[in-house]
Structures are given as structure tokens and as C-alpha cells.
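Undergrad: model this:
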Amino acid sequence: MFKRVPGTKDILPDEAGHWQAIETAARNIFSLYNYLEIRTPIIEEASLFNRTLGITTEIVQKQMFLIHNQEDVYVLRPEGTASICRSYLENNLDKTSGFTKLYYIGPMFRLERPQKGRLRQFHHIGCEAIGSQEANLDVEVISLAAELLKNFAITDYKIKINSLGCPKDKQALSLSLKQNLQKEKQELCPDCQVRLENNILRVLDCKNEACQKIVKELALTNTHLCPDCLGHFNEVINGLNSLDIPFKVEPLLVRGLDYYNRTVFEFTHSNLGSQDAIGAGGRYNNLIKELGGPDMGGIGFAFGVERLLLASKISMEKPPNRIVYLITLGAAAKNTGLKLLNQLRSSGIPCDTDYQDRSLKAAMRAANDAGARYVLILGEDELKKNVVSLKDMSNSTQREINIQDLTRELKC
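TA: Residues are numbered from 1 along each chain as shown. Next up, the predicted model:
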């Protein structure tokens, strides 16, 4: 027997309804903020992510699903931002639309150890606003993320924000960290000893208790920010306060991808354990230019759908089924039943029938298992009278209805 690939998950019919509810709510909220949907391929050139995420990031070094095709190297996309920025430039949206607000829903792939809320194929709901560096846009994007969580029935989450500043600010922060952490190198975990040389900002994000203790003792502040970046960050703080959105400034928040600068933020929830982020994002003011486009700002975020479902208080009970189940008895009834099903479906009434030639008793059990609201019984006696027997499964009452009146009756 074949089994699913480790780190992947079958979304079965009983679960799919909850996915659809979250996706529908997301689309509704994105439309209120004038974001338009974009769908990019799940396969991209590997060099796109090597260049944008950073060659020393863990995603590029350890977690990408690579596909070697003769001289080309492709990858199953590990995140959405780089793909959307590539599409933005390739399709000349910078020339035709300029400032553009986009959202996406789809699968991502990372080759890492599966655990709670972290799979090798996972799904993101996210957005990107490209073409502006205004602080009010940062406020809108964070408020949009909070509004999504509200509509997903998720409460008790926390918002952390920080500013990495411009590239010069990031460089100053990195140099300061290297000077302060070099003397603690032997106390850091093996991964952070490597990060100390290759990607020092990731040390701040390490979950190792010893590393966390060392980092907290640094007592970081935003002193690395230049006046422009500090002013921008204060505007973001003031904007969030004006909207009564609670948040905490967290100087240790960095996000682990090279393209981030200025505002970064993260949404966390205690239901998820040590890997408590349900979503995160930030600014990438140099990414479009890095990919060969004009010098313009961008900001976005993504929520993990699997993590949203773990944190959501949306009822996981199976929603009531409004299906009508037809049971036919005899060959003549089957032929009439085929037309009757088509008539009901054409009128927008969901319905089904028994395709296994079961007895009336067995077919009734199947209708009950399907959660049918009504059962229609059509046999020789009903055909002679041009009626169908309608059973209300909620109260077990049964009555005869003329076939020509059935659609109107079921719509009442």
C-alpha cells in the first residue's frame, strides 16, 4: 500500500470545509482593502531564491526541494514573496500598474523535520503591497493581518514589531552583534556558531535556551537606526496606536531572510507550543531593485493555514447538510429519477442518489450517513400517481408531493 510522503497531509472532506471557510473569509477581507488575487507557479528557478532569500539562510542551505533538469535547477517555492516580485517585474506591473496590492493562497514547500504546525508541504495566505515606502502602508498591512485573524475567530494572539532599519543600519547592527557575541562563541549552540560568521542576525532568532539567555543579556534597543528609519518606525508605532491595535516592540525580532529591512512583525499564539508563530512579514524596500526593477518599496506578510486551523476557535463540528437524497425502486423509477436529479440540480438544490442497488432499508441508512435533510422515495406506486414520497429526516415525517411541485416545495 502506498502512503503519503512524510511531511505532507491529506485534507479529507470533513476538514476541507474549514479550509474553504478560512479561504473565503480571507478573500472577503482582502477585497475590502483592495487587494487582488495573484497565482504564481509552484515551481521557480532556484537562483531566484538564492538571490533574494540569501545564500546563507537556512531555507536556501537546507530546506529547498531542488529539481535538476539537465542544465537547469528548479525549486518548489519555499515562500511567496520572491515569486510575486518576480511576476510583478516579468509582467511589467511596475510600468502598467505601479503601486500594486496583491494577495495569494497556495502551497509552499520546505525540506525540514515535520512537527506540529510545520509540514514539508504547507499552505500560505498572504499579501504583498509593492510600490510605496510610506509608514501608513505598514500600518494598513499589520491592521489587515489583525482583521484576518478576527474573521478567522482567532483570539489571544500577540503582535511583535521591530525595525531592522536600512541596509546601513542592518550592517551596523550586525557588526555590533559580532563584537558582543564573539566572546560568547563557545557558549552558543553549533548552529549559532556558524551563524556568527555567516548570518549573525539569525542568532537573535535561535530557540536554544543558552543562546536566548546570551542574546537577552545584550539588552538590544533601536539605537542602530538612522534618523530616517527611526522616524519611519515611530510613524508605524503611532499609526498602530491610533487604531488601538495592541503590539509589543521586540528588539530581538529580525526575521531570517536577507531581503527584509525596516519594519518587521510577527503574530504568535500560545496554542502552537515553541514554534508559536502563526504568521509574519515585513518590508523589503530593496528587493524589487535587486531583481532588476526600479527602486521602490514593498511590504507583505503570510499566515500558515495549518497553524491558523490549530489556533482557530471556529467550530470543528460538521456543518448541517442540506442535501436531498433520492432512493429509486425499480428500473422505471431509475430512469425518472435521473431526470429528477437533473431538474433539482439545475434549480440549485444539492442532491444525490444510491448507485449501489441497495434495499430500501440499506439506502435509508446511506442517506442518514450522508447527513441528508430530506429523502425522496420513488417507486412503481409513486410513478403511477406522479408523486414522490418526501421524508423529513429531522422529524421522521413523510408525505407525498406531486413531482411537478417538488422543486418549489424543497426551495421553501
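Undergrad: Which neighbouring elements make contact with whichever helix or strand Phe30 is part of?
TA: Assigned by DSSP states H and E, Phe30 falls within helix 13-32. Secondary-structure packing of helix 13-32 (3 or more C-beta pairs under 8 Å, 6 or more residues apart in numbering; DSSP states H and E): strand 100-109, strand 121-130, helix 135-151, helix 305-311. Every C-beta, even on glycine, is put in place using the N, C-alpha and C of the backbone.
Undergrad: Tell me what angle that helix forms with strand 121-130.
TA: 0 degrees (axes from the mean of the first three to the mean of the last three C-alpha atoms, to 10 degrees).
Undergrad: Which SSE is immediately downstream of helix 13-32?
TA: Using DSSP H and E, the first helix or strand after helix 13-32 is strand 36-37.
Undergrad: and for that next one, what are the contacting residues?
TA: 27, 30, 100-105 (C-beta atoms under 8 Å, 6 or more residues apart in numbering).
Undergrad: could you dump those to TSV with distance to Tyr325, pLDDT and neighbour count?
TA: Below are the contacts of strand 36-37 laid out as TSV (distance: C-beta to C-beta, whole Å; pLDDT from 0 to 100; neighbours: other C-beta atoms under 10 Å):
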residue	distance to Tyr325	pLDDT	neighbour count
Arg27	31	95	14
Phe30	37	95	23
Thr100	48	93	19
Lys101	45	96	21
Leu102	43	97	23
Tyr103	38	97	24
Tyr104	38	97	22
Ile105	33	96	20
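Undergrad: related to what we said a few turns ago, so can I have TSV of the helices and strands packed on helix 13-32 showing distance to Cys192?
TA: Shown next, in TSV, are the helices and strands packed on helix 13-32 (distance: least, C-beta to C-beta, whole Å):
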stretch	distance to Cys192
strand 100-109	26
strand 121-130	25
helix 135-151	29
helix 305-311	25
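Undergrad: which one of the ones you listed lies closest to Thr336?
TA: strand 100-109 (42.5 Å; C-beta to C-beta).
Undergrad: who does the closest one pair up with?
TA: strand 36-37 (parallel), strand 121-130 (antiparallel) (DSSP bridges).
Undergrad: Tell me which strands the next helix or strand after the first one pairs with, and in which orientation.
TA: Moving toward the C-terminus from strand 36-37, the first helix or strand encountered (DSSP H and E) is strand 43-45. Within its sheet, strand 43-45 is paired with strand 72-76 (antiparallel), according to DSSP bridges.
Undergrad: packing partners for the following helix or strand past the partner strand?
TA: Using DSSP H and E, the next helix or strand after strand 72-76 towards the C-terminus is helix 81-90. If you count contacts as 3+ C-beta pairs under 8 Å, 6+ apart, helix 81-90 packs onto strand 43-45, helix 46-53, strand 100-109, strand 121-130, helix 287-290, strand 298-304.
Undergrad: Buried residues, helix 81-90. List them.
TA: Across helix 81-90, burial judged by 16 or more other C-beta atoms under 10 Å covers 81-89.
Undergrad: before we move on, back to that, show me the one of the helices and strands packed on helix 81-90 that comes nearest Arg202.
TA: helix 46-53 (12.0 Å).
Undergrad: between the closest one and helix 81-90, how big is the angle?
TA: Using the same axes, to 10 degrees: helix 46-53 against helix 81-90 is 110 degrees.
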